[in-house]
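Asker: need a 3D model of the sequence below.
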Amino acid sequence: MMKEARQEEQEFKTLAHQLPALAKGSSRLFLCRHGETDYNLKRIFQGRGVNMPLNRKGIEQALCLAESMKHVPLRAIYSSSLHRAKETAGIVASYHPHVQTAHFQDLEEMSFGELEGQSHDKYTETLRSINEKWRQGDFHAKFPSGECPMDVVKRGAQTIHDIMCDSMDDHLLMVTHGRFNKIILSYLVHASLETMHTITQDNTCVNVLDYEVATGKYTPLTINDTSHLSF
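Answerer: The predicted model follows:
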């Protein structure tokens, strides 16, 4: 009995139980980051060109995410085409065997170009320079042979918006990437990229946005929620 009581208490504390009811004429987007990979652990650039699987911890994180989402009436589970995102989404989908699933190249991580597969420590000056340009508002500054934030907005925000426009009174989950999410959240919520530097995105974090179909407005309910990892 005590074990069952503790389990019920844990389930009650999940994000799914804490959110308000979805308003009529809106849809709810659960925008998540994938679980940990060995390259995340070693601080190696992945981007679009490195297709790492989840490591052991990443799988455990994805299982925790799936457990926290099991009571959400998801209509669809989408992800980027990269393995780490697809694998995370697949683990969540195992709790929702009848929902629609798909993956999209336009939801992939920002391309870091020549930096992909390289250590962050090796490119400290390049990172500093690019980040400074972004802070000054130059969102067309890109990594060598890579992408810029506006490239991500053009492909990623449009894909998400097209999906949400086709939804009404639905709950959808998308698994994407850290830098991708920072850019997309800043753009969808603030119609600007100036706040992307203030947004943290931990592995398997959950960002919840309610989309009002009539106005096209995105309202954030929570950003970078990782409460599912505490049990």
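
Asker: contacts for whatever helix or strand residue 181 lives in?
Answerer: According to DSSP states H and E, residue 181 maps onto helix 178-190. Helix 178-190 has contacts (Cβ atoms under 8 Å, 6 or more residues apart in numbering) with 31, 33, 80, 107-110, 149, 152-153, 156-157, 160-161, 176, 192-197, 199, 201, 207, 209, 218-220, 223. The C-beta positions use only the backbone N, C-alpha and C, and glycine is treated the same way.

Asker: could you do stretch 56-68 as well?
Answerer: 14-16, 32, 34-37, 40-41, 54, 84, 87-88, 91-92, 94-95, 203-204, 206, 227-229, 231.

Asker: related to what we said a few turns ago, which of the contacts of helix 178-190 fall within helices?
Answerer: Members of the contacts of helix 178-190 lying in helices (criterion: DSSP state H): 149, 152, 160, 161.

Asker: how close does the last one sit to residue 30?
Answerer: Meaning residue 161. 16 Å (Cβ to Cβ, to the nearest Å).

Asker: which secondary structure element of the protein has the lowest mean pLDDT?
Answerer: Least confident helix or strand, the chain: helix 2-12 with a mean of 43, by mean pLDDT, DSSP states H and E.

Asker: wait, residue 142 sits on residue 148?
Answerer: Yes: using Cβ atoms under 8 Å, residue 142 is in contact with residue 148, at 3.7 Å.

Asker: which of the contacts of stretch 56-68 are buried?
Answerer: 14-16, 32, 34-37, 40, 54, 84, 87-88, 91-92, 95, 203-204, 206, 228 (16 or more other Cβ atoms under 10 Å).

Asker: show me the residues you listed that map onto strands.
Answerer: 32, 206 (DSSP state E).

Asker: let's see which of the buried ones among the contacts of stretch 56-68 end up in helices.
Answerer: Within the buried ones among the contacts of stretch 56-68, residues falling in helices by DSSP H are 15, 16, 40, 84, 87, 88, 91, 92.

Asker: which among those residues gets closest to residue 131?
Answerer: The shortest approach to residue 131 among these belongs to residue 40, at 18.8 Å (Cβ to Cβ).

Asker: name the nearest residue to the closest one, ignoring sequence neighbours.
Answerer: Computed as Cβ to Cβ, 6 or more residues apart in numbering, the closest residue to residue 40 that is not its neighbour in sequence is residue 203, at 6.5 Å.

Asker: count of residues packed around residue 98?
Answerer: 6 (other Cβ atoms under 10 Å).

Asker: now it: how far from residue 218?
Answerer: In terms of Cβ to Cβ, residue 98 sits 27 Å off from residue 218.

Asker: with residue 57 instead?
Answerer: Residue 57 is 31 Å from residue 218, by Cβ to Cβ.

Asker: out of these two, which sits in the more crowded spot?
Answerer: More crowded of residue 57 and residue 218, by other Cβ under 10 Å: residue 218, with 21 against 15.

Asker: pLDDT score assigned to that one?
Answerer: pLDDT, residue 218: 97.

Asker: name all residues that make contact with it.
Answerer: 29, 188, 189, 209, 210, 211.
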